[in-house]
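[1] below is the sequence, then the predicted model.
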Amino acid sequence: MDRERGTTSSSRVRRGREKRHHQTRQREAEEEHNGPVCRKMDMWVDFEKLGWTEWIVFPKRYNAYRCQGSCPTPVDETFSPTNHAYMQSLLQLHHPSKAPCLSCVPTRLSPLSMLYYENGKMVMRHHENMLVEECGCQ
């Protein structure tokens with residue numbers, strides 16, 4: 001038993017479980033009201049459709065991904081908010097006319113290696129920030 005709080009370990013575990021269940025139910029209710037929550041979605045880039053196959057050797061196409069969905073108000077840490085985004089979501093909750101809703105955006109990107117012709121020579125380069133790895137609310 002925790003003498004300072006007067007609780008047992010099992011009651012803390014139970015309260016934590018109840019809190020997570022409540023947060024899940026809140027998120028489900030918000031999704032029903034506002035549509036799907038912020039998440040990573042497919043976005044295929046096809047260089048043949050862009051007419052770039054003469055100079056791009058590899059890849060011929062790739063999944064760049066994109067971010068789509070609504071952001072909860074207030075936002076929580078599962079959406080990787082900046083401190084500014086967190087404060088904006090609180091302001092939006094309490095004073096909707098004073099702050100816009102958060103946007104679902106890429107929060108972590110990764111590079112893409114490409115093989116292509118440049119000035120008549122074949123080169124391989126790693127282009128930064130080409131693939132969405134994670135989405136969040138900002």
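    Nice, thanks for sending it over.
[2] going by C-alpha atoms from here, please, whenever you check contacts or count neighbours.
    Will do.
[3] look at the closest residue to Asp42 other than its chain neighbours and report its pLDDT.
    Leaving aside its sequence neighbours, Asp42 sits nearest to Tyr65 (CA to CA, 6 or more residues apart in numbering; 4.5 Å). Among the per-residue scores, Tyr65 holds a pLDDT of 98.
[4] just Glu54 next, same as before
    93.
[5] ends of stretch 48-60, what's the gap?
    7 Å (CA to CA, to the nearest Å).
[6] list the buried ones in that stretch?
    53, 56-57 (16 or more other CA atoms under 10 Å).
[7] average pLDDT for stretch 119-137?
    Computed over stretch 119-137, the average pLDDT equals 96.
[8] which residues are contacting it?
    Applying CA atoms under 8 Å, 6 or more residues apart in numbering, the set of residues contacting stretch 119-137 from outside is 38-40, 63-67, 71, 75, 78-81, 85, 102-117.
[9] so which of the residues you listed belong to strands?
    Among the contacts of stretch 119-137, the members falling in strands are 39-40, 63, 66-67, 104-117 (criterion: DSSP state E).
[10] out of the residues you listed, which end up buried?
    Counted by 16+ other CA under 10 Å, these give 39-40, 66-67, 104-107, 109, 114-116 as buried.
[11] ok, which pair from these is furthest apart?
    Between any two of those, the greatest separation by CA to CA is 32.3 Å, found for Cys104 and Tyr116.
[12] what's the span of stretch 114-124, first residue to last?
    End-to-end distance (CA to CA), stretch 114-124: 6 Å.
[13] no no, stretch 59-70
    32 Å.
[14] run the chain-centre distance for that stretch.
    12 Å (CA atoms, centre = their mean, to the nearest Å).
[15] what's in contact with it?
    31, 34-48, 53, 103-106, 114-115, 130-133, 135.
[16] let's see 7 Å
    In this structure, residues lying in contact with stretch 59-70 by CA atoms under 7 Å, 6 or more residues apart in numbering are 34-48, 104-106, 114, 130-132, 135.
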